[in-house]
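Q: Return atomic coordinates for the entry below.
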Amino acid sequence: MYADQVEYFLDYLLLERGLAAATVAAYRVDLEHFGCFLDEIGVALPESMTRSQVGGYISLLKKNYARRTIRRRFSALNSFFKYLLAKGEINNNPLAGLDLPRLDKNLPEVLSVVEIKALLAAPDPQTVLGQRDRVMLEVLYGAGLRVSELVKLELQQVNFNLGFLSVIGKGDKERVVPLPLQIIHNLNDYIKKGRIRLLKGKSSSYIFLNRSGKALSREGFWKNIRRYAFKAGIKQEVYPHLLRHSFATHLLSGGADLRIVQTLLGHADLATTQIYTQVDAERLKEVYRKFHPRERT
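A: As a prediction, this is how the structure comes out:
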């Protein structure tokens, strides 16, 4: 049965591929949606489907969903069919050769250097939570981390003598990211002072803690960064990944080598990093249009 095939596939993603539970849950939603379509057309198993029926499903998606959702569901199905193909349960991938709507290449948003400085200055380091939050913002921007990497940072991942972090990224891949000496100093000061007060005699391997002495959640940090952005007078919506975008763009603006930035971000594909060169180019165009005399006449 299709439902059984889906369960085996999801177990494979979780246990053998090591995908995150949230990612596997997203696969489940997409494959269950396809399962409803199979029920409607009276097909019990994917291997019984014709190419035109699969095309009919894609057409149905095009009528009712945004392009990004269509491509995500297509990707989930494609992975599922490849899995069945590898196991010998189907003889061909019915999705092969099907056209999907192209996605617009939206460039990542970034903050200016001035806005970054205002954001980092927003927390009050004289309070325990303010000290924690300023250091979190500094590390997030200073190392270009993902928010999940930031909140999961443990003491053993920091080398204070050499000034770097050992970051566990997507797919449990480890990368080494240097930190400026001032951030290392501030981080060490928080660990020795603010973090001790948050622990309240408890023990934890995590660096950034909430009022209860437990690891601060992604949601908790998300709320904090929005509050500080408002305090800093930043007009656009600010979210944790925006600082990662800004980190990469500012490095490239300063002349950093593209492959070095790729390594620091932990990107498997250089093309993913290259988009930040386009962001930098667009910013240059904006400055030109704003300040060049010929553009203002």
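Q: contacts and neighbour counts: CA atoms only from here.
A: Will do.
Q: What's the local residue count around Val6?
A: Taking other C-alpha atoms under 10 Å as the criterion, the count of residues near Val6 is 18.
Q: Ramachandran coordinates for it?
A: When read as degrees, to the nearest 10, the backbone of Val6 gives phi -60, psi -40.
Q: That one contacts Val29, correct?
A: No: under the criterion of C-alpha atoms under 8 Å, Val6 is not in contact with Val29, lying 10.7 Å apart.
Q: list the contacts for the spatially most central residue of the chain?
A: Most central residue of the chain, judged by C-alpha distance to the mean C-alpha position with C-alpha atoms, centre = their mean, is Arg146 at 5.8 Å. The neighbourhood of Arg146, defined by C-alpha atoms under 8 Å, 6 or more residues apart in numbering, consists of Leu140, Pro240, His241, Arg244.
Q: any idea how far it is from Ala26?
A: If you measure Arg146 against Ala26 using C-alpha to C-alpha, to the nearest Å, the figure is 20 Å.
Q: Same question for Gln126.
A: Applying C-alpha to C-alpha to Gln126 and Ala26 gives a distance of 42 Å.
Q: for Arg51, same thing?
A: Taking C-alpha to C-alpha as the measure, Arg51 and Ala26 are separated by 25 Å.
Q: all helices of the stretch 51-200 of the chain, in order?
A: Ranges of helices within the stretch 51-200 of the chain are 51-64, 67-86, 113-120, 128-143, 147-151, 181-192, 194-199, based on DSSP state H, counting those that start in this stretch.
Q: between those helices, which one is nearest to Leu19?
A: Taking C-alpha to C-alpha as the measure, those were each checked against Leu19, and helix 67-86 came out nearest at 13.0 Å.
Q: tell me which residues in that closest one are buried?
A: Residues of helix 67-86 classed as buried by neighbour count (16 or more other C-alpha atoms under 10 Å): 67, 70-71, 73-74, 76-84.
Q: what ranges of the chain fall below the confidence cut-off?
A: Judged against pLDDT under 70, the low-scoring parts of the chain cover residues 97-108, 278-297.
Q: Need the residues that contact stretch 43-63.
A: In this structure, residues lying in contact with stretch 43-63 by C-alpha under 8 Å, 6+ apart are 1-2, 34, 37-38, 70, 74, 89-91, 94-95, 98.
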